[in-house]
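One predicted model, sequence on top.
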Amino acid sequence: MSSNQFLAYDYPLLGAFWTMMWIFLWILWIILLFRVIGDIFRDDSLSGWAKTGWTFFVIILPFLGIFVYLIARGRDMGKREQQHARAQKESADAYIRETAGSAGTSDADELAKLSELKSRGEISEAEFQQAKQKVLTS
């Protein structure tokens, strides 16, 4: 029983190429499916029934549903993606500004520190006035 099987000869290079191509296309299809479903739920101009209808159509008949969605509503997908990214950035910037502002010291605290430095003689009257002016204008 010396039947040696050489699997490499049973699976040629072109077969391996086509297998990798199909795997790539399958992954691409899954990504496209999630992008379309995400766009359906991200769109504020669609009503709840329209979102339900598109989602049902895309899930029940995925190939036809995706192609029809891309033809009917694909032109504005990029615009909706940009609006969503812009809204997220503005939200993050507002949160950072709010957090950084609350962590900082108030003008009264800054003036108290400057007054203490002046009373200890570490800064002169001119430096105190200049720093005070800078705090009050900011």
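Cool, the structure landed. Residues are numbered from 1 along each chain as shown.

Locate the residue sitting nearest the centre point of the chain within the secondary structure: which element?
For the chain, the residue sitting closest to the mean C-alpha position, by C-alpha atoms, centre = their mean, is A85 at 5.8 Å. Element membership of A85, judged by DSSP states H and E, is helix 77-103.

Now do the helix or strand that that helix is followed by, average pLDDT.
Using DSSP H and E, the next helix or strand after helix 77-103 towards the C-terminus is helix 107-120. Averaged over helix 107-120, pLDDT sits at 84.

Identify each buried residue in helix 107-120, please.
Buried residues in helix 107-120, counted by 16 or more other C-beta atoms under 10 Å: E110, L114, K118. C-beta: built from backbone N, CA, C; applies to glycine.

is it true that the last one touches E125?
Just to be clear, that refers to K118. Yes. Between K118 and E125 a contact is recorded at 7.1 Å, counting by C-beta atoms under 8 Å.

Thanks a lot, see you next time.
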